[in-house]
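# okay, sequence plus prediction incoming.
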Amino acid sequence: MQKLWLLAALLFAVDPLPTTSPQSAANQQANAAVVRYASSFAGATPDAKIAACLADLGLLPGTCYTDGVTGTFAATLTINHPGQKLVVGPGTLEFGSASPGIQISADDVSVIGAGPGRSILKQDNLYRGGIVISTHAGAAAPSNITITGLTIQGPSAYATGTVNTSGASVTWASGSQFNPQWAATITIGTPAVEYTVARVTDATHLVLASSAGTQSGAGYYVGWDVNGTVGIGCNGCSYSHITGNELSGWGHVAIGLGEGYYGPLYSVANHNTISENWIHDNPGEGIVHAFSNPNVPWPDGYNTEVDNRFDNNGLSAVDMATGHNTFRENILRNNACENKSGDASSVQVAGNYNFLEGNIILGGNQWNVAIIGSNNDLSHNVIDGATGAIGPSLGQAGDWGHGIQISANGIGRPANNNKVSHNHVWKNAGYGILMGVPPSGLVTTSGAYATWVSGADFNTSWAGGTQVNVNGVVYVISRVISRMEMVLTTSAGYQTGVNYGAVTDGTILAFNDVEYNATGTVAGGIFNGGVPATHTVDVADRVVNNANFQNSDGAAHASDTNQAALGSSAFPMINPASPGNPFPAGPGTPEKVIPDTAPTCTVSGGASVGFGPAPSCVVAAGSNDNAGVVYSQATTAPGSSGAVTLTFHTPGRHDSPCSYSLSNSTGEWNARASIISTSRSSNTPSAAWDNNGVPLTVGSYYGINYICSGT
């Protein structure tokens with residue numbers, strides 16, 4: 001980040017300044033030729049001077065420098081001619097009552113600073129925005145926008161302190177004094193309780209809409225999710241670059257992809273790059289991929305966020321509600337620390353076909369990563385709850401949440417075919433990986449008829465074909481008759497008072513390292529519960545040193561048993577049925593095809609060879625052509641090395657070598673045992689294993705894990 005800021009400072013001294021947006025050659029040439037300085041123009045306020053500077057550029061692209069211009073805006077500065085470039089600072093410009101501070105309404109516009117900390121845009125007024133890239137409803141949204149090298153400060157970081165309460169009356173005691181602009185909520189006490197603010201009388205007195213009882217010296221907090229406070233609002237913009245900025249103090253969101261500072265969503269932001277920004281101490285969220293209509297499928301975004309840092313944001317660091325986005329090599333620490341219901345995950349993925357890889361996610365709250373969409377890929381991330389997010393004044397420890405949660409977003413919003421692989425998940429106070437969702441309620445079934453018993457009512461808007469999970473089995477809704485009765489397409493048998501809820505189907509867990517989760521609590525490594533995930537494939541995960549391990553059977557297993565091999569009696573496969581539908585291919589995710597039927601396997605054998613004379617090979621339940629586990633029992637006179645060969649059910653699905661690893665079952669491999677791929681066949685791949693010269697133990701079972709890439 002420091003290197004980037006230094007680079008921005010060096011670039012500031014060069015004219016013309018380069019941009020990362022793909023401007024036309026004509027615009028670039030004209031931009032180099034037309035230069036103006038805002039300090040040379042008349043105007044009572046800085047926005048008036050800068051507006052006159054931009055106006056003097058005329059309809060041609062050009063550059064306006066603001067160095068030497070400081071003070072507070074009186075009105076919004078609008079940039080509405082293509083190709084114009086605004087170079088800010090060094091210095092500070094305050095937006096004041098302008099709402100937003102800067103409005104960009106044309107293509108190929110750049111707002112460039114001398115680097116964070118040198119070029120500062122500041123908004124001190126609650127319910128006011130920073131920079132908005134947007135046009136009016138119905139007009140084409142701007143594209144090829146560049147915003148770089150700026151510090152963009154929101155109206156406040158956090159208002160925290162202590163108060164005394166007497167019924168609905170609240171008196172300030174210490175810390176941040178009250179702000180007459182507050183018109184939202186205040187959180188008071190331990191445990192924290194949220195109250196609605198009826199009015200702020202003055203800096204030391206306010207009135208609640210309900211009683212807070214009698215409290216003395218109670219901690220308080222105000223600040224997150226203030227409507228309107230958006231640092232950079234990218235409402236429908238495309239092919240734009242937001243790079244090398246610092247954003248803090250924004251109560252709603254620091255960077256909004258698909259929303260402005262107030263109004264409705266006009267269009268989804270797409271194909272934008274957000275990189276090397278420091279997004280910290282925002283009471284609200286860091287980046288939001290907004291989408292406002294819950295009744296249609298998530299749209300595509302194709303946005304890329306890479307090499308950003310997110311620290312101490314009150315709500316989610318990233319809320320990804322669109323599809324085909326890439327989130328890679330970012331660092332997140334202590335986000336979602338205020339635990340507002342629905343926004344308590346450091347990263348929330350509600351869209352489909354998103355790719356999250358190589359991120360370091362530390363100390364989130366209720367969940368570090370929550371996947372509630374479908375066909376997402378979460379791989380090679382570090383998800384560590386050890387740092388423990390701390391609420392600003394309430395002293396609430398964040399080190400109690402889950403590492404990864406995979407669950408549907410309600411009936412009709414399934415979380416299907418998500419892939420979670422090669423992640424290091426440790427020191428989360430809850431489960432390392434939690435699948436399934438809390439039940440919506442209880443139902444009684446009689447054949448294809450389901451009758452509501454308790455919990456959430458049925459909804460007549462659920463269309464025919466919608467999936468529903470009844471007691472761990474996925475059914476399809478034929479029609480909803482009323483809020484208490486619905487008809488399924490197939491019989492659910494005769495069941496009384498069983499769980500029903502949304503569908504989480506086809507999850508693949510592979511080669512994750514799940515360690516030291518839930519020490520001292522009742523949670524554990526991996527849990528498939530509530531309304532459980534169905535058709536789950538769990539391959540070669542290392543689950544060790546967790547307080548407990550719980551499967552869908554509801555039994556808790558001590559930490560020493562959760563080192564047992566998948567498929568063994570101590571560690572049964574989770575929902576061993578094979579996947580019932582393919583993992584769809586699509587841009588932004590590895591194209592995996594999961595067939596319904598498992599491969600077959602053979603192992604080498606003979607006197608002092610492999611698994612010994614006449615060995616057998618068994619493919620574990622839940623395995624398939626993509627990934628799984630095979631087991632073989634050592635017969636009389638086994639050897640210390642051998643081979644294994646797979647024969648795929650569907651030939652030709654894989655065009656790259658399979659990866660193999662060894663897992664203990666009733667027999668233990670030598671600590672230096674190894675296995676390597678020896679054949680790249682798309683039909684019958686093979687591998688050779690070596691137990692470091694130590695013969696296998698007669699009568700013991702040994703496991704070999706495999707995972708193979710799709711074409």
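Now that the structure is in, tell me what you want to look at.
# so for this protein, the centremost residue is which one?
Per CA atoms, centre = their mean, the C-alpha nearest to the average position across the chain is that of residue 347, at 2.9 Å.
# pull out the buried residues from the helix or strand where it lies.
Applying DSSP states H and E as the criterion places residue 347 in strand 345-349. Within strand 345-349, the residues scored as buried using 16 or more other CB atoms under 10 Å are 345-349. Just so you know, the C-beta spots here come from the backbone N, C-alpha and C atoms, and that holds for glycine as well.
# farthest pair in the residues you listed?
Using CB to CB, these reach their maximum pairwise distance at 346 and 349, which is 11.1 Å.
# what touches both of the two?
Listed as contacting both residue 346 and residue 349 by CB atoms under 8 Å, 6 or more residues apart in numbering are residue 369.
# let me know whether residue 363 touches residue 382 as I believe.
No: under the criterion of CB atoms under 8 Å, residue 363 makes no contact with residue 382, lying 11.7 Å away.
# which of the two has more residues huddled nearby?
Between residue 363 and residue 382, counting by other CB atoms under 10 Å, residue 363 is the more crowded of the two (27 against 16).
# strands along the stretch 451-600 of the chain, start to end?
467-470, 473-482, 485-488, 494-501, 504-505, 508-510, 513-515, 526-528, 537-539, 542-544, 549-550, 556-557, 600-603 (DSSP state E, counting those that start in this stretch).
# okay, now the sheet partners of the next helix or strand after the last one, with direction.
Think strand 600-603. Following strand 600-603 in sequence order, the next helix or strand is strand 605-606 (DSSP H and E). Paired neighbours of strand 605-606 in the sheet (DSSP bridges): strand 609-610 (antiparallel).
# distance between the strand it pairs with and the chain's centre?
47 Å (CA atoms, centre = their mean, to the nearest Å).
# I'd like the next helix or strand past it.
strand 618-619.
# which helices and strands does that next one pack with?
Secondary-structure packing of strand 618-619 (3 or more CB pairs under 8 Å, 6 or more residues apart in numbering; DSSP states H and E): strand 600-603, strand 627-633.
# looking at these, which is nearest to residue 34?
Of the helices and strands packed on strand 618-619, nearest to residue 34 by CB to CB is strand 627-633, at 59.4 Å.
# buried stuff in the following helix or strand past that closest one?
Sequence order places strand 641-647 as the next helix or strand after strand 627-633, per DSSP H and E. Buried residues in strand 641-647, counted by 16+ other CB under 10 Å: 641-646.
# as CSV, the residues you listed with pLDDT would be great.
Below are the buried residues of strand 641-647 laid out as CSV (pLDDT from 0 to 100):
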residue, pLDDT
641, 93
642, 93
643, 93
644, 93
645, 92
646, 89
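# in the stretch 601-711 of the chain, where is pLDDT below threshold?
621-622, 650-657, 709-711 (pLDDT under 70).
# re the thing from before, tabulate the buried residues of strand 641-647 (a markdown table), appending distance to residue 603.
Converted to a markdown table, the buried residues of strand 641-647 look like this (distance: CB to CB, whole Å):
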| residue | distance to residue 603 |
| --- | --- |
| 641 | 12 |
| 642 | 6 |
| 643 | 7 |
| 644 | 5 |
| 645 | 8 |
| 646 | 11 |
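# which one of those is nearest residue 208?
Distances from residue 208 to these, taken by CB to CB, are shortest for residue 646, at 65.6 Å.
# who does the residue nearest to the centre of the chain bridge with?
residue 318, residue 369.
# could you report the pLDDT at it?
Note for residue 347: predicted pLDDT of 89.
# please give me every residue in contact with it.
Residue 347 sits in contact with 316-318, 320, 327, 332, 356, 359, 361, 364, 368-370, where contact means CB under 8 Å, 6+ apart.
# for those, which PyMOL command selects only the ones that are buried?
Filtering these down to the buried ones (16+ other CB under 10 Å) takes a single PyMOL command:
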select buried, resi 316+317+318+320+327+332+356+359+361+364+368+369+370
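# from the contacts of residue 347, which shows the smallest pLDDT?
residue 364 (60).
# now the buried residues of strand 345-349 in TSV, with distance to residue 279?
Shown next, in TSV, are the buried residues of strand 345-349 (distance: CB to CB, whole Å):
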residue	distance to residue 279
345	16
346	12
347	13
348	15
349	18
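# right, and the helices and strands packed on strand 618-619 - which one's nearest residue 149?
The nearest among the helices and strands packed on strand 618-619, by CB to CB, is strand 627-633 at 45.2 Å.
# which helices and strands sit right next to that closest one?
Strand 627-633 packs on strand 537-539, strand 600-603, strand 618-619, strand 641-647, strand 701-707, going by 3+ CB pairs under 8 Å, 6+ apart.
# ok, back up a step: which among the helices and strands packed on strand 618-619 is found nearest to residue 437?
Closest among these, using CB to CB: strand 627-633, at 24.2 Å.
# residue 321 touches residue 290, doesn't it?
Yes: contact criterion CB under 8 Å: residue 321 and residue 290 qualify, at 6.3 Å.
# who has more neighbours, those two?
Neighbour count, other CB under 10 Å: between residue 321 and residue 290, residue 321 has more, with 25 against 22.
# show me how this protein divides into domains.
The chain breaks down into these domains under automatic domain parsing: 2-56+83-155+230-328, 159-222, 441-501, 600-707.
# nearest to residue 402 among the ones you listed would be which one?
Here domain 2-56+83-155+230-328 is closest among the domains of the chain (CB to CB), at 14.5 Å.
# check contacts around the nearest residue to residue 37 once chain neighbours are set aside.
Excluding the flanking residues, the one nearest residue 37 by CB to CB, 6 or more residues apart in numbering is residue 65, at 5.0 Å. Going by CB under 8 Å, 6+ apart, residue 65 touches 35-38, 87.
# where does the stretch 101-250 of the chain have low pLDDT?
In the stretch 101-250 of the chain, residues with pLDDT under 70: 125-128, 135-140, 156-158, 181-184, 223-228.
# 50 instead?
Residue ranges of the stretch 101-250 of the chain with pLDDT under 50: 224-225.
# now do the helices in it.
Ranges of helices in the stretch 101-250 of the chain, per DSSP state H, counting those that start in this stretch: none exist.
# show me where the stretch 1-150 of the chain has strands.
Using DSSP E, counting those that start in this stretch, strands in the stretch 1-150 of the chain cover 35-37, 63-65, 71-72, 77-79, 85-88, 91-94, 102-104, 110-113, 119-122, 131-133, 146-148.
# by neighbours, which of the contacts of residue 65 wins?
That'd be residue 38 among these, by other CB under 10 Å, with 25 neighbours.
# pretty sure it is touching residue 63, no?
No: using CB under 8 Å, residue 38 is not in contact with residue 63; the gap is 10.8 Å.
# residue 471 versus residue 460, what's the distance?
Counting by CB to CB, to the nearest Å, the separation of residue 460 from residue 471 is 23 Å.
# between these two, which one's more packed in?
Comparing residue 460 with residue 471 by neighbour count (other CB under 10 Å), the higher total belongs to residue 471, at 19 against 12.
# confidence score at the more buried one?
At residue 471, pLDDT is 85.
# next one: it from residue 496, what distance?
For residue 471, the distance to residue 496 - CB to CB - is 10 Å.
# same question for residue 148.
62 Å.
# same check on residue 275?
55 Å.
# more crowded one of the two?
residue 275 (20 against 11).
# partner residues bridging the more buried one?
If you apply DSSP bridges, the partners that residue 275 bridges to are residue 243, residue 306.
# got a list of what it touches?
Contacts of residue 275 (CB under 8 Å, 6+ apart): 241-244, 304-308.
# give me the phi and psi for the residue of the chain positioned farthest from its centre.
Going by CA atoms, centre = their mean, the residue of the chain most distant from its centre is residue 607, 53.2 Å out. The phi/psi pair for residue 607 (degrees, to the nearest 10) reads phi -60, psi 120.
# quick check: nearest residue in space to it, chain neighbours excluded?
Per CB to CB, 6+ apart, closest to residue 607 is residue 637, 5.1 Å.
# cool, residue 672 as well?
Closest to residue 672 by CB to CB, 6+ apart is residue 692, at 4.2 Å.
# and if you look at residue 420?
residue 378 (4.8 Å).
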